[in-house]
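**Q** Build me a structure from this.
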Amino acid sequence: MIYLDNAATSLYRPPQVAEAVVAALNSFGNPSRSSFGPSLDSARVVLETRQLVAELFNVGAPEQVAFTANATESLNIALKGVLNPGDKVVSTVLEHNSVLRPLYEMEARGVQVCLIGCEGSLAAGDASQLQRRRGRLDYKALRKAVQEGVKAVVCTHASNVTGNLVDIHKIGKWCQKAGALFIVDASQTAGVFPLDMQEDKIDILCFTGHKGLWGPQGTGGICVRKGLTVRPLLSGGSGIMTFSHTHPAVMPTALEAGTLNGHGLAGLRAALLAIKKTGISHIRLREQRLMQAFYEQIQSLSNIKLYGDFSGWDRAPVVALNLGEEDAGIISDYLAREHQIYTRSGGHCAPLMHKALGTEKQGVVRFSFGYHNTMEEVAQTVEALSWY
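**A** Predicted coordinates:
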């Protein structure tokens, strides 16, 4: 089996991740609910995980990290927790439905939504078609849109379809100048690319634990700049202020109603420690080399159409392609059935990105590489494609 769907979820994890989950299942009480051993053990692991996340993203204070089930929950909390009717929010066509659908909901409630497109158009001629396939964000249009009066800008750090990175450092400066909140979806880059909330002027960073962070599914979080208040999506049990009619406003309890996934967070803690030991720069370089080798070796395939900006290699380790006019699902199914090579085809929960690329009907086949893939697997995948 060759697993090339790491942009959806990591399959291979350090063994200590599973070991930590199993140990927690048989030893953890409810964190922050009691003062006996098993509960305190759970609370300590949750705190240590919070500290590791705060260090990884330079949040500034561990209590500003609240844990969620995934990036989708985090993004819903962020968008519904800071936007009000009449506010204006700027986003991009690169976004996952985890951003788009909450924005559409808020739009129906009176929030003004401005979506920035990509360079190029479907006008005419081969040159414009090639430009369109690169899927590069239109920074000129974005810069023009980020002005005084905008409440927030929300964008992904990298497209989950093309792998193109977004220059969040530049956008963060624009947001700071305009007085706009900056919300970043780090689902595709956390654990692979450096993220610095303070350096990049990020007000809210949303992440998931099951992709580049090598953690279990059902883990994720939202990091909130100190001093910024976000309305909670949920209210309920908190372990503190039991007799209050309202949910506690202090972070991280404000955004953590109910029992946390302590077992999953134990696994995430083990994964974060493994990443820290391995080094993000080492992880990124390995994954990018795999992507580059694959990209360079498939150039000679007939009828190949590639999507994304490959003018440089500082990009998420993703290669999206089609072979002629063949439906992407058929190619992906062929690879799985005949060669046990697992990829992702279709719309990738990013409908506007596919409209920008002109692939909303055909879809694309996405090859997303992880740290545990090998050059031998790259060669086998290229060979399998050459036989199609």
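**Q** got a list of what Gly346 touches?
**A** Counting by Cβ atoms under 8 Å, 6 or more residues apart in numbering, Gly346 touches Ala328, Gly329, Gly363. Bear in mind the C-beta positions are built from the backbone N, C-alpha and C, glycine included.
**Q** Roughly how far does it sit from His210?
**A** 20 Å (Cβ to Cβ, to the nearest Å).
**Q** What residues sit buried inside stretch 359-374?
**A** With burial defined by 16 or more other Cβ atoms under 10 Å, the residues of stretch 359-374 counted as buried are 359, 362-373.
**Q** Sorry, slip of the keys, the one I care about is stretch 24-39.
**A** Ala24, Phe28, Gly29, Pro31, Ser32, Ser39.
**Q** And that stretch, end to end?
**A** Stretch 24-39 has an end-to-end distance of 11 Å (Cα to Cα, to the nearest Å).
**Q** what's in contact with it?
**A** With Cβ under 8 Å, 6+ apart as the criterion, stretch 24-39 contacts 40-43, 45-46, 239-240, 259-260, 262-263, 266-267.
**Q** Just flag the most distant two among those.
**A** Using Cβ to Cβ, these span at most 25.9 Å, a distance reached by Ile240 and Gly267.
**Q** of these two, who's got more company?
**A** Between Ile240 and Gly267, Gly267 has the larger neighbour count (other Cβ atoms under 10 Å), namely 31 against 11.
**Q** Verify the assumption that that one is located in a strand.
**A** No: per DSSP: H, G, I helix; E, B strand; the rest coil, Gly267 lies outside any strand segment and is helix.
**Q** which SS state does the closest residue in space to Leu213 that isn't next to it in sequence fall under?
**A** If you skip the residues right next to it in sequence, Leu213 has Gly191 as its closest partner in space, 4.2 Å away by Cβ to Cβ, 6 or more residues apart in numbering. Under three-state DSSP, the three-state class of Gly191 is coil.
**Q** returning to that earlier point: out of the buried residues of stretch 24-39, which one has the lowest pLDDT?
**A** On pLDDT alone, Ser32 ranks lowest of the buried residues of stretch 24-39, at 79.
**Q** Can you show me the strands along the stretch 151-300 of the chain?
**A** Per DSSP state E, counting those that start in this stretch, the stretch 151-300 of the chain carries strands over the ranges 152-156, 181-185, 204-208, 220-224.
**Q** circling back: if you rank the contacts of stretch 24-39 by neighbours, which is first?
**A** Most crowded among those, counting by other Cβ under 10 Å, is Gly267 at 31 neighbours.
**Q** Gln292 versus that residue, what's the distance?
**A** 31 Å.
**Q** Let's see the pLDDT reported for His169.
**A** On the pLDDT scale, His169 gets 98.
**Q** Now it: closest residue in space that isn't a chain neighbour?
**A** Asp200 (5.1 Å).
**Q** Next one: that neighbour relative to Thr374, how far apart?
**A** 33 Å.
**Q** repeat for Lys173
**A** Look at Lys173 and Thr374: by Cβ to Cβ, they are 39 Å apart.
**Q** List the residues that contact the residue nearest to Ile168 when sequence neighbours are not counted.
**A** Distances taken as Cβ to Cβ, 6+ apart place Asp200 nearest to Ile168, at 5.2 Å, with adjacent residues excluded. Contacts for Asp200 (Cβ under 8 Å, 6+ apart) come out as Ile168, His169, Gly172, Phe182, Val184.
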